[in-house]
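Peer 1: have a look at this prediction, sequence included:
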Amino acid sequence: MKKRSADALALSRAILAAATLAAAFAAPCALAGPTPAPANAYAYIGYPNNGQTLPAGKPFKVWFGLRYMGVAPRGVKFPNTGHHHLLIDVDLPPMDQEIPSDRNHLHYGAGETETMLELPPGKHTLQLLMGDDKHIPHNPPVYSKKITIYVK
């Protein structure tokens, strides 16, 4: 009797696992936008450095780095190019939608590779995210590591 109930329990678990896996693959799931990017492309923040303290009340330069991809202004659709978006104190947005444009999601659609930024005193995070000609992340998404800076 115990053997039968153990076999039935194992079979139930296997069926549940298979159904869960099938549902996951059947659900529509957009992970990134329609514009391809090189698999080895990556963005990085060249300055400031992670953990750096910067003076309050004084603008500082943020330098955008990019490897294995080119920079092109918004509206320009050319293979393996995009433009930078600087994310301040936020997590990455949905990768299959247009990147928001607000005080936490700054767009550099003219093809800029650096900017001057002034932040209030405190702890802040910075991260770059590349967008295509329509401000949608590439596939695969190209973004930097999130860095933390301190303004004092």
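Peer 2: Perfect, thanks for sending it.
Peer 1: buried ones in the biggest strand by length in the chain?
Peer 2: As assigned by DSSP state E, the longest strand anywhere in the chain is strand 122-131. Going by neighbour count (16 or more other CB atoms under 10 Å), the buried part of strand 122-131 is His124, Leu126, Gln127, Leu128, Leu129, Met130, Gly131. Any C-beta I mention is one placed from the backbone N, CA and C, and that applies to glycine too.
Peer 1: quick one, domains of this structure?
Peer 2: Listed by automatic domain parsing, the domain ranges of the chain are 1-29, 42-151.
Peer 1: and those as CSV, adding mean pLDDT?
Peer 2: What follows is these, written out as CSV (pLDDT from 0 to 100):
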stretch, mean pLDDT
domain 1-29, 50
domain 42-151, 97
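Peer 1: next, count neighbours for Met116.
Peer 2: 8 (other CB atoms under 10 Å).
Peer 1: separation between it and Phe60?
Peer 2: As defined by CB to CB, to the nearest Å, Met116 lies at a distance of 7 Å from Phe60.
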